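Visitor: below: sequence and its predicted model.
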Amino acid sequence: MYSSYSPRPLHPKCYMLDADLLVDLILSRPGISADYASFLWQCLQQRQIHGCLTETGYQRLCVIMNQRNARHALTVAEALMRMMTICRSDPSIWVRAQSQPFEYDSAEEIACVLHYRMDGLITHRSERFEGSGIPVLSLRDVVETHLRRSLHPLPSRMPDLPPPSITHLSCWLSGQFESPWLPLVDLAGQAHLGNICRDASSQQAAIARGKFIKIRHFDRRLEWVALIVQLCPTPQPGEFDLSVICAARDGGDLPAGLQLWVVDQQGNDSMFAQPNRSGRAILQFEGQVGETFEIVISLGGDRHVEPFLI
């Protein structure tokens, strides 16, 4: 039973997921092995696979969920979206899709795989992609590929990456700040973030700092974003309100597909955000002295992790 198998942490491959496959999985339609579906879910959840979905596929998925008004289906769809990147179609992808001899939805998925140099496409209807020139995997292929990789782990002599340094928020309360974390006035002075920094500084008794982070798109283009963390004591001793803001360094919109989430001290993804209409991604939550958490920013398969201790 593959549903009980826990995939090993390996360098994740990036795959486009066929929207029809996701619809059938979420609605529990017949014809798909429950064991294979469960394994795919584990791979996405544990980030063994970096899953992607076209913007058209995402919109279609939302329409179907709204039409059915199925609470369970909506919950599953929202959970799935937390684990995936939505690939916005730009004109170059539209042109590439139009040149493909397939229905547009499939052609757009193929175009995104080629444009972003993904490792392939996962579908349960491989016949629809015959002659596309991209690797097409079934759910069975996914299971067999990842089981085979687990039997042949990466070489043991891999360079050790230094663990990210933890930020002690308790030090902020006493006016001690690590060098990468800048006062918001300095952050605004190095970028077009005046309005955002003023909003974050407006709350009395709140302590806020920010830093710049670089992260890359699928095509390896470098993107600079600002991460602002605000800590505010509450009337309850040892409890704090926390706000996390991710914004584009130039003050414009964040790149399409960027995701921001909180990982709690048990390792669970406890909160998730994508850019809103203001072009920012914002998280607000509560914490207590002694708790740890991580802020994760992902874009195009690249992930940046910031650990914190309250």
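Guide: It's in. Residues are numbered from 1 along each chain as shown.
Visitor: where in the stretch 101-250 of the chain is pLDDT low?
Guide: Low-confidence segments of the stretch 101-250 of the chain (pLDDT under 70): 146-164, 190-205, 217-221.
Visitor: all strands for it, in order.
Guide: For the stretch 101-250 of the chain, the strands defined by DSSP state E, counting those that start in this stretch cover 120-122, 136-137, 167-168, 207-216, 222-233, 239-248.
Visitor: which other helices and strands contact the second one?
Guide: To tie it back to what came earlier, the one meant is strand 136-137. When contacts are defined as 3 or more Cβ pairs under 8 Å, 6 or more residues apart in numbering; DSSP states H and E, strand 136-137 sits against strand 120-122. No exception for glycine: its C-beta is placed from N, CA and C like everyone else's.
Visitor: spatially central residue in the chain, please.
Guide: Centroid-nearest residue in the chain: Gln259, 4.1 Å away (criterion: Cα atoms, centre = their mean).
Visitor: bridged to it, which residues?
Guide: Ser298 (DSSP bridges).
Visitor: where's Thr123 relative to Glu109, distance?
Guide: Separation of Thr123 from Glu109 (Cβ to Cβ, to the nearest Å): 8 Å.
Visitor: give the residues shared as contacts by those two.
Guide: Shared contacts of Thr123 and Glu109 (Cβ atoms under 8 Å, 6 or more residues apart in numbering): Asp18.
Visitor: including distance to Gly287 and mean neighbour count, could the strands of the stretch 101-250 of the chain go into TSV?
Guide: What follows is the strands of the stretch 101-250 of the chain, written out as TSV (distance: least, Cβ to Cβ, whole Å; neighbours: other Cβ atoms under 10 Å):
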stretch	distance to Gly287	mean neighbour count
strand 120-122	37	22
strand 136-137	41	20
strand 167-168	13	18
strand 207-216	13	18
strand 222-233	9	19
strand 239-248	5	21
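Visitor: switch those strands over to CSV; also include distance to Tyr15.
Guide: As requested, the strands of the stretch 101-250 of the chain are exported to CSV (distance: least, Cβ to Cβ, whole Å):
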stretch, distance to Tyr15
strand 120-122, 5
strand 136-137, 7
strand 167-168, 33
strand 207-216, 18
strand 222-233, 22
strand 239-248, 25
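Visitor: among the ones you listed, which is nearest Asp90?
Guide: Nearest to Asp90, of all these, is strand 222-233, at 14.9 Å by Cβ to Cβ.
Visitor: mind listing what that closest one pairs with, with the direction of each?
Guide: strand 207-216 (antiparallel), strand 239-248 (antiparallel).
Visitor: mind checking which of those strands is nearest Val95?
Guide: The nearest among these, by Cβ to Cβ, is strand 207-216 at 23.9 Å.
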